[in-house]
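A.B. asks: Next come a sequence and a model predicted from it.
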Amino acid sequence: MDHGAVTRDGLDVTWVTSHGAAAAWQYALSVQAALDDMEAARLEEDWQVCVESCAMALRAILLCHRLARGLDGPLDDMEFQYALAAGTEPAAVALRNLPWSTDAGEEEARTGMAVVARHDAALRAELPFDVPVTRTPAGARQAMRISATLVQWRRDRSLPEARWRQDGL
């Protein structure tokens, strides 16, 4: 068994196949969806929906960061709710600093999108791999193939089964 093995990229194999993979999967489910919604709202010049999508993206980014560190609870978990309300993590602070979406105009939306872009870039640098876009007309086949590959990879190394989160924000 190769617990603690390190990849050529310097990543801990056990972390990649447990916490890192869970965070990457959640990124595909929640962050990608919020970014798509944010961009669609921007194109429609629906600034209020754009800011609400920024808020959804920041919530999802915070969840991904916490999953990468081992969070293993439901979204209504008190620890996660506390992190949203009072946590000092940069994404939580950014979320609380967004204007109310009902009061948002173009300037607030563009500022919110820039904030999300910075936090998205920081999260993507932390993730061990990219999960292909799952919201396409062709469906989620690429993401399913990657999930199946990871499950088989874990089995081959006698690692515990992955507990994939199926919930989104």
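C.D. replies: Okay, I see it.
A.B. asks: hey, let's count contacts and neighbours off CA atoms from now on
C.D. replies: OK.
A.B. asks: what about the helices in the chain?
C.D. replies: 13-15, 21-26, 32-43, 47-68, 78-86, 90-97, 106-126, 141-156 (DSSP state H).
A.B. asks: okay, those in a markdown table with mean pLDDT next?
C.D. replies: Shown next, in a markdown table, are these (pLDDT from 0 to 100):
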| stretch | mean pLDDT |
| --- | --- |
| helix 13-15 | 79 |
| helix 21-26 | 87 |
| helix 32-43 | 94 |
| helix 47-68 | 95 |
| helix 78-86 | 89 |
| helix 90-97 | 97 |
| helix 106-126 | 97 |
| helix 141-156 | 64 |
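A.B. asks: Please render those helices as a markdown table that adds mean neighbour count to the earlier fields.
C.D. replies: Formatted as a markdown table, those follow (neighbours: other C-alpha atoms under 10 Å):
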| stretch | mean neighbour count |
| --- | --- |
| helix 13-15 | 18 |
| helix 21-26 | 26 |
| helix 32-43 | 19 |
| helix 47-68 | 25 |
| helix 78-86 | 15 |
| helix 90-97 | 18 |
| helix 106-126 | 17 |
| helix 141-156 | 14 |
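A.B. asks: Geometric centre of the protein: which residue is closest?
C.D. replies: Tyr27 (2.9 Å; C-alpha atoms, centre = their mean).
A.B. asks: Thought Ala60 was touching that residue, still the case?
C.D. replies: Yes - between Tyr27 and Ala60 a contact is recorded at 7.2 Å, counting by C-alpha atoms under 8 Å.
A.B. asks: For the residue nearest to the centre of the chain, report the pLDDT, please.
C.D. replies: pLDDT for Tyr27: 91.
A.B. asks: Leaving out the residues flanking it, which one is nearest to it?
C.D. replies: Closest residue to Tyr27 apart from its sequence neighbours, by C-alpha to C-alpha, 6 or more residues apart in numbering: Cys64 at 6.4 Å.
A.B. asks: and the one you found, what does it touch?
C.D. replies: Ala22, Ala23, Ala24, Gln26, Tyr27, Leu123 (C-alpha atoms under 8 Å, 6 or more residues apart in numbering).
A.B. asks: which of those lies closest to Glu44?
C.D. replies: Tyr27 (24.4 Å; C-alpha to C-alpha).
A.B. asks: quick one: the closest one and Arg157, what's the gap?
C.D. replies: To Arg157, Tyr27 is 25 Å away according to C-alpha to C-alpha, to the nearest Å.
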